[in-house]
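Chemist: structure for the following, please:
(chains A, B and C)
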Amino acid sequence: MTILDISKISKRFGGLQAVDQISFSVAEGEVVGLIGPNGSGKSTTLSLIMGVVRPDTGSIKFQGHEIAGHATHAIAKRGMAMVFQHSRPLHRQTVLENIKLALLPDTIFQLFTGRQIEEQARNAARRVGLEDVLDQRPDSLPFADLRRLELAKALAADPAILLLDEPFAGLAPSETREFSELIVSMRDAGQAIVLVDHNVKAVSGLVDRIVAMDAGQKIAEGTPEQVTSDEKVREVYFGKSLDTVEKTRERKHRVGEHRLLDVNIESVHYGRAEALRNIQLHVEEGEFVSVVGLNGSGKTTLFNSLLGFVAYQGDIQWDGQSLRGKKPADIATGGIALCPETRELFTHMSVLENLELGGHALDNADRRAQVDRIFELFPRLRERAKQSAFTLSGGEQQMLTIGRALMQKPRLLLLDEPTLGLAPLVIENISDALDKLQQDSGLTVLLAEQNLTFAVQHSNRIYLIETGSLQWNGAADRFSEEVGADIL
Amino acid sequence: MNLIIEILISTFIIGAIYALGAAGLTIIFGVSGILNLAHGAIVVVASLVAWYCALQLNMGIYLGGLVGIAAAILTTYVLYFTVVIPLSRSRQLASEELPVFLFVSTLLFALILQGLLEWFFGATPVSTPAMIDGVVHIAGVTVPLNSLLIGVVAWAVIGALWLFISHTRMGKAMLAASMSPKGLAIVGYDIGRIHFLVWGLYGLLAGIAGVLLASFIGASSNVAINLTATSFTIVVLGGLGNVLGSLAAAYILGFLGTVTAFLISPSLREVPGLLLLIVVLYARPQGLFGRH
Amino acid sequence: MNRTWFDWRTGVVVLAFAATACLPWFVSGYWLGVLTISSYVAVYAMAWDLLFGYGGEVNFGPTFLIGLGAYGAGMSNTFLGWPVWVSIPVGTLAAVIGGLALVGPALRLKGPYFGLVTLVAVLLLSQVINMFAGYTGGEIGLALRDILTISSTGNFYYAFGLMTITALVLRILVRSPLGLILEASGQDTTATEALGFSVTKFKILAFVISAFFSGLAGAMTVFYFGTASPGTVVAVAVTIQIIIATIIGGRRSIIGSILGAVFLIVAGEFLRPVGQLSSTLVAVLALLVLVFAPNGFISVFGARRERKA
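Modeler: Below is the predicted model:
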């Protein structure tokens, strides 16, 4: 029997159609995975179901009742529970008290809790494996246990359906396994679940059915096998199929013998979540190296560590010198230019002003010459020189980001997801520009990409990163046969 | 008819001083996200030090004014190094509590300044002598030349500020810091240094506003909190961090205040602004000219 | 840690309250006066902490509520000729209505923006008091017809009694399921809604309770002084005093608010010989605590310290 029936819900935020006519349903005891790359609208869809965000149009029927547009607490009381990706427990209360909170009645006339609530809370704790830490405070728990606590709160009141937003985010591989087992045990107990994740591999063993989203729309639905082999899904995730990559781009540049970058990171932590562990990676002068992996696998964290934005255990050597403890500004001045995934453009300044700020350290003649070079590389930017950066299209903004980085005359260019959200034609433009750069000036590049096609086309060597650790590395032409289809 | 002219002239001058005072506050908010409640007190520091140096120490109004501005910059840096930096780096505070603590600490800092000012200079309002004597007649209304000069100077400073921000590399870097601090760091700017300079610029603007205020209507330690409230109203109405919005809001507020002062009672000058603020916060929390 | 009703800390607190109640036999009327004021400020601080510490509301207008209570009571005594025991409830009611008026913006606006609204509310209230100086006494203050009592011992017990009752009520409240829900909704409104709680209801409750105690204490304060003046119940300086008392004592701690208030007032008395600068020195002290020990005195005892997440 269907307990949740979603039909053509849509949500627009300003100019962005975040969710576009999404429909799917969940049967009793069924586990449905909602997948898609970052920004595909899957988390927003979950928020729409829970009533955290109100849908513009469409209908959501929960156990036969229309709930679209209802208040969150009213929906919760009908038997829906959600585990948020970022949620904070009450730090001064014990684990047991935190779980009890979820069981309290919604009334202001209560000064004491009953025995029954206590018993229910203990049960919920047992179900997720927290029974030994009931009297501890959340502060003293490891990160995985905090996630369990959130799960216990959601499960405590025996919801008819459970919504999980990225349950594996920030977990180490062993913890991910334990958590998966937990979800499987919930499934075996007949719990209906909607699970959102960007990592298809992580969810395919847990779910009965997958709904895949991209740019707010549903692009596929079916069993895990059907969806992972779906051409469209693979293209959304990795660009064109690997088999069809035409090896037209020749790598003519010479790889030097000089080791420019030598990374040896033991770990990076965000609070108690471990984002990276045991990353060993090096880049020779003149090389084009890629780090590939899904969103959330740690690529951006790696780049932030290189630039000194996050603290890490271990060491990073740049041109024979340690970067430990250096400020981002000094690292940038030392010859590393970053094109961040978020672009970080100066949005209300013109294209030219953005470029000039990138080349602020050059003398005037040098800066003008460099601006000209970048305009030659990206003629579109010359046409838009006087426009504010926020009026540019996504592709033009990406060109400007690369252009601003090149204004620093870097020895190493770090590119973080330069193809994200861009049309194939624009990606082609950027590809051409990168080729030209390497041929003309032998620029060294370290690329972080989810788009495998793009990465394989350009790179000499590739590192594969999954949930914070390196899984494979080798020459780019071996990637397809050795890793190939396994990745999704 | 005369009344209208009078109101317009008064609005021109008051609006210019308001705008000057609020410009610094907006820039600070844009770059560092801090709502500085010590603003009025820092403005008054400049007023009173300028008055003291000019009249008590016989330095003359110009030198006195310069010392007043220097005092405002110095006070700003004391605030920056003893409150803003330690709190921002405190490991005992959860990050979501930081704005509240900065809010309270800057208010406390204002209170300390106010106490010190009152102890040192007394609570009686003081004004510095006119920079130039004489009056002009505009459409039948007599206006002191000094008042006009103050309006012109305030506008000249705002113009200079605009030139600095839109035409010098340092100014552009400061503006860029309000759009993307990370973007600025990755092209090689030291964000700490940018913040240091922005606070200095803020002190300079607050100082100039204070010196002009002392010459226009005078100041005392008691007006600090009202100055803060007015500047805040302007900054919030204009949309936090939006410099042009602040300029427009300064004039709206200057006009409303002047009309109220002329037509109803000078003691109610601030009331329409506060009412407008409440209405705007209810209906359009991002401010009249907010971007989001 | 297992929290029971009577651990050793509770014992110490009960003993301290009992000892304080015996003070009129040992100390002078002057110090009783100091403690009377401390008690009222402690009530302001506890009421404020309910909103800020537990409810997560950045309320910079505690004196808006206190002032409504004070002037509501004062004016009904002076102009309507109502006796003290009617005027105090009238003032308290005025404060509760004021508290309800703040719920709307509190639900709509976030953090500093709501703080700004409350600050504006205080400034408006003081403008209104100045505007209708004929009824309110303006800057100078409003002289009341009656006072609570002329006995300093009597006044001390009124204030100390109010403080004790407030502390008890709030302690029961914050440790009850209600307190749990209130704290959760202050920390993360969305997540609390998703657990099935209509947060609005609990916010209204918090504002009403906070306004009730603020208004009651404000009303009693003016009947202690015999006058209602902006300087004692409305000024931003009073707000600062309340906030400092709460923070240096320790947020989210009933006893911390009391300790902070007593410390602040008593320190002010000790510094009185310094003259004009005494309140400034207290402010400096408070700023030091705020910047370098933001969790206050109470973090020195007990495991209440919280770390950056």
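
Chemist: which SSE is residue 119 in?
Modeler: No chain was given, so I picked chain A. helix A:115-128 (DSSP states H and E).

Chemist: oops, chain C please
Modeler: Secondary structure from DSSP H and E places residue C:119 in helix C:111-131.

Chemist: buried residues in that helix?
Modeler: Buried residues in helix C:111-131, counted by 16 or more other Cβ atoms under 10 Å in any protein chain shown: C:111-127, C:129-131. Yep, even glycine has a C-beta here, placed from its N, CA and C like the rest.

Chemist: what about it and chain B, touching?
Modeler: Yes: Helix C:111-131 is in contact with chain B by Cβ under 8 Å from any Cβ of the partner chain, via C:111-113, C:115-117, C:119-121, C:123-124, C:127, C:130-131.

Chemist: who does that helix touch, helix- and strand-wise?
Modeler: For helix C:111-131, the elements it packs on are helix B:98-121, helix B:224-237, helix B:271-283, helix C:62-78, helix C:84-108, helix C:133-136, helix C:230-233, helix C:236-249, judged by 3 or more Cβ pairs under 8 Å, 6 or more residues apart in numbering or on different chains; DSSP states H and E.

Chemist: residue A:88: which of these is closest?
Modeler: Among the helices and strands packed on helix C:111-131, the nearest to residue A:88 by Cβ to Cβ is helix B:98-121 (15.4 Å).

Chemist: mean confidence for the closest one?
Modeler: Average pLDDT, helix B:98-121: 88.

Chemist: restrict that helix to CA atoms and write it as CSV.
Modeler: In CSV, the C-alpha atoms belonging to helix B:98-121 read as follows (Å, rounded to 0.1, in the frame of the first residue of the first chain):
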residue,chain,number,x,y,z
LEU,B,98,29.6,35.2,18.3
PRO,B,99,27.4,38.0,16.8
VAL,B,100,25.4,38.4,20.1
PHE,B,101,28.6,38.6,22.1
LEU,B,102,30.1,41.2,19.7
PHE,B,103,26.8,43.1,19.9
VAL,B,104,26.9,43.2,23.7
SER,B,105,30.6,43.9,23.9
THR,B,106,30.5,46.8,21.6
LEU,B,107,27.6,48.2,23.5
LEU,B,108,29.6,47.7,26.7
PHE,B,109,32.6,49.4,25.1
ALA,B,110,30.3,52.3,24.2
LEU,B,111,29.2,52.6,27.8
ILE,B,112,32.8,52.6,29.0
LEU,B,113,33.7,55.3,26.5
GLN,B,114,30.6,57.3,27.5
GLY,B,115,31.6,57.1,31.2
LEU,B,116,35.2,58.1,30.5
LEU,B,117,34.0,61.0,28.3
GLU,B,118,31.6,62.3,31.0
TRP,B,119,34.3,62.0,33.6
PHE,B,120,36.8,63.9,31.6
PHE,B,121,34.7,66.4,29.7
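
Chemist: quick check: buried residues in the lengthiest helix in chain A?
Modeler: Determined from DSSP state H, the single longest helix within chain A is helix A:424-441. Across helix A:424-441, burial judged by 16+ other Cβ under 10 Å covers A:426-427, A:429-431, A:433-435, A:437-438.

Chemist: so is the very next helix or strand once past that helix next to chain B?
Modeler: In the C-terminal direction, the helix or strand that comes right after helix A:424-441 (DSSP H and E) is strand A:444-449. No: for strand A:444-449, no contact with chain B is found by Cβ under 8 Å from any Cβ; the gap never falls below 14.2 Å.

Chemist: equivalent analysis for stretch C:94-103, please.
Modeler: No: counting by Cβ under 8 Å from any Cβ, no contacts exist between stretch C:94-103 and chain B, the nearest distance being 10.7 Å.

Chemist: contacting residues around that stretch?
Modeler: Applying Cβ atoms under 8 Å, 6 or more residues apart in numbering or on different chains, the contact partners of stretch C:94-103 are C:59, C:61, C:64-66, C:68-69, C:71-72, C:117-118, C:121, C:200, C:203-204, C:207-208, C:210-212, C:214-216, C:218-219.

Chemist: which parts of it are buried?
Modeler: By 16+ other Cβ under 10 Å, the buried positions in stretch C:94-103 come out as C:94-96, C:98-99, C:102-103.

Chemist: repeat that for stretch B:155-172.
Modeler: By neighbour count, with 16+ other Cβ under 10 Å as the criterion, the buried positions of stretch B:155-172 are B:155, B:157-158, B:161, B:165, B:171-172.

Chemist: is chain A within reach of it?
Modeler: Yes: counting by Cβ under 8 Å from any Cβ, contacts between stretch B:155-172 and chain A involve B:169, B:172.

Chemist: run the chain-centre distance for that stretch.
Modeler: Here stretch B:155-172 is found 16 Å from its chain centre; the criterion is Cα atoms, centre = their mean, to the nearest Å.

Chemist: export that stretch as PDB, just CAs?
Modeler: Backbone C-alpha positions of stretch B:155-172 (Å, rounded to 0.1, in the frame of the first residue of the first chain) are rendered in PDB as follows:
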ATOM      1  CA  TRP B 155      29.900  65.600   0.700                       C
ATOM      2  CA  ALA B 156      33.500  66.100  -0.300                       C
ATOM      3  CA  VAL B 157      34.500  63.300   2.100                       C
ATOM      4  CA  ILE B 158      31.800  61.000   0.800                       C
ATOM      5  CA  GLY B 159      33.000  61.800  -2.700                       C
ATOM      6  CA  ALA B 160      36.600  61.100  -1.700                       C
ATOM      7  CA  LEU B 161      35.500  57.800  -0.100                       C
ATOM      8  CA  TRP B 162      33.700  56.900  -3.400                       C
ATOM      9  CA  LEU B 163      36.900  57.700  -5.400                       C
ATOM     10  CA  PHE B 164      39.000  55.700  -3.000                       C
ATOM     11  CA  ILE B 165      36.700  52.600  -3.200                       C
ATOM     12  CA  SER B 166      36.100  52.600  -6.900                       C
ATOM     13  CA  HIS B 167      39.500  53.900  -8.200                       C
ATOM     14  CA  THR B 168      42.300  52.700  -6.000                       C
ATOM     15  CA  ARG B 169      43.600  49.200  -5.700                       C
ATOM     16  CA  MET B 170      43.400  49.200  -1.900                       C
ATOM     17  CA  GLY B 171      39.800  50.500  -2.000                       C
ATOM     18  CA  LYS B 172      38.800  47.900  -4.500                       C
END
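
Chemist: many thanks, have a good one.
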